[in-house]
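*Asks:* structure for this input, please:
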Amino acid sequence: MLKIPDQQVVGHEAGVGKLGPFIDDSGRFYKPLESDKCGSEEVAFYESFSSNNEVPEHIRRFFPFFYGTKVMKASTGSEHPHIVLQDIASSSVNPSIMDIKIGARTWAPETFEAYVAKCLRKDRESTSIPLGFRVSGLRVYISDESGIYKPDRDAIRKSSPTDVKLLLRKFISSNPSAEMETDPDCSLASSVYGGPNGILAQLLELKAWFEDQTIYHFYACSILFMYEKGLALKGASSNAEVKLIDFAHVTEGQGIIDHNFLGGLCSLIKFISDILTKTTKLTVENGQIEQEES
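*Replies:* Numbers count the residues shown, from 1 in each chain. I've put the predicted structure just below:
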């Protein structure tokens with residue numbers, strides 16, 4: 001039974017006459033392939049990544065599992081090829097999700113001029129150039145009664161560095177839907193961003209790999225933050241997860257470190273570390289996190 005994912009925070013949404021993704025009850029995500037070379041290049045990346053013995057096993061958990069491709073009836077009603085991936089939100093109940101596009105530059109080399117101009121405009125209008133990353137979308141579960149907090153995507157993309165800091169704080173707040181001018185309580189910072197299995201620890205693990213890996217350059221890719229607020233509020237594990245998605249513009253690394261992605265990742269780590277430092281007693285040494293409540 002295919003259905004439209006209700007946890008999508010960015011990208012094309014399926015609808016009448018509109019091409020978009022589906023999910024099913026078995027934990028699979030069906031993403032329509034783009035008709036240009038972006039679609040074939042994303043498939044090529046997954047095929048390469050899945051079989052590449054140089055990728056450490058502990059790094060593979062940050063990427064959705066790839067099941068191949070399938071031609072099937074699309075949301076438009078016509079037959080269309082789809083890439084079949086792991087539905088990374090399938091095991092969560094009311095997950096809070098944030099999509100963050102990484103890199104000061106979001107277009108790959110040898111991209112046609114019109115597309116470069118489009119990407120450059122978005123990079124300049126957002127925090128991609130000054131910060132090395134931008135928030136593309138988010139949804140935060142509040143409660144069964146209050147629903148979710150999901151700000152307008154266009155407003156998010158044009159966020160200033162101060163706005164981005166506020167959104168990262170709202171993501172782990174008990175009251176994210178409050179006015180932007182208020183100071184979020186960051187009550188879930190320790191259980192979501194902190195700890196040995198929290199988002200910061202996972203970002204540091206990715207950073208260690210990107211400091212060495214020269215296999216791929218990840219242009220225009222996103223990092224997803226996910227956690228379950230309902231569990232965190234009860235004092236249980238928040239099931240915080242970090243995933244990488246969107247690989248239509250990945251290129252071969254050719255033995256060179258991906259400084260564009262690494263720079264954005266380091267910038268994001270600094271923002272998360274600053275939030276934790278202000279809400280907990282935090283030290284980071286040799287990639288290991290030690291913290292205690294303030």
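*Asks:* going forward, measure contacts and count neighbours with C-alpha atoms only.
*Replies:* Will do.
*Asks:* got a list of what Val55 touches?
*Replies:* By C-alpha atoms under 8 Å, 6 or more residues apart in numbering, the contact list for Val55 reads Phe49.
*Asks:* name the element it belongs to?
*Replies:* Using DSSP states H and E, Val55 maps to neither a helix nor a strand.
*Asks:* for Leu203, see how far away it is.
*Replies:* Here the criterion is C-alpha to C-alpha, to the nearest Å. By it, Val55 lies 17 Å from Leu203.
*Asks:* check contacts around Ser40.
*Replies:* With the criterion set at C-alpha under 8 Å, 6+ apart, Ser40 makes contact with Leu33, Glu34, Ala248.
*Asks:* contacts only, for the last one.
*Replies:* Going by C-alpha under 8 Å, 6+ apart, Ala248 touches Cys38, Gly39, Ser40, Glu41, Glu42, Phe45.
*Asks:* touching, Glu41 and Ala108? I think so.
*Replies:* No - contact criterion C-alpha atoms under 8 Å: Glu41 and Ala108 do not qualify, at 11.9 Å.
*Asks:* now do the lengthiest helix in the chain, average pLDDT.
*Replies:* Ordering each helix of the chain by length in residues (DSSP state H) puts helix 259-279 first. Here helix 259-279 scores 96 as its mean pLDDT.
*Asks:* equivalent analysis for stretch 191-210, please.
*Replies:* 97.
*Asks:* next one: stretch 56-76
*Replies:* Mean pLDDT, stretch 56-76: 95.
*Asks:* contacting residues around it?
*Replies:* With C-alpha under 8 Å, 6+ apart, stretch 56-76 has contacts from 14-21, 32, 43, 46-47, 50, 79-88, 206, 209, 242-245.
*Asks:* and if we set it to 7 Å?
*Replies:* Residues outside stretch 56-76 that contact it (C-alpha atoms under 7 Å, 6 or more residues apart in numbering): 14-20, 46, 79-86, 88, 242-245.
*Asks:* contacts only, for Met132.
*Replies:* You called it Met, but residue 132 is Gly. For Gly132, the contact set (C-alpha under 7 Å, 6+ apart) comprises Ile102, Gly103, Ala104, Gly263, Gly264, Ser267.
*Asks:* now, the most widely separated pair of the residues you listed?
*Replies:* The distance between the two most remote of the contacts of Gly132 (C-alpha to C-alpha) is 10.4 Å, for Ala104 and Ser267.
*Asks:* between those two, who's got more neighbours?
*Replies:* Per other C-alpha atoms under 10 Å, whichever of Ala104 and Ser267 has more neighbours is Ala104, with 25 against 18.
*Asks:* quick one: the helices in the stretch 1-150 of the chain?
*Replies:* When assigned using DSSP state H, counting those that start in this stretch, the helices of the stretch 1-150 of the chain occupy the ranges 37-51, 57-60, 113-125, 128-131.
*Asks:* what comes up buried for the third one?
*Replies:* Within helix 113-125, the residues scored as buried using 16 or more other C-alpha atoms under 10 Å are Val116, Cys119, Leu120, Lys122, Asp123.
*Asks:* want to try TSV for those, with distance to Ser173 as columns?
*Replies:* Shown next, in TSV, are these (distance: C-alpha to C-alpha, whole Å):
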residue	distance to Ser173
Val116	36
Cys119	32
Leu120	32
Lys122	28
Asp123	28
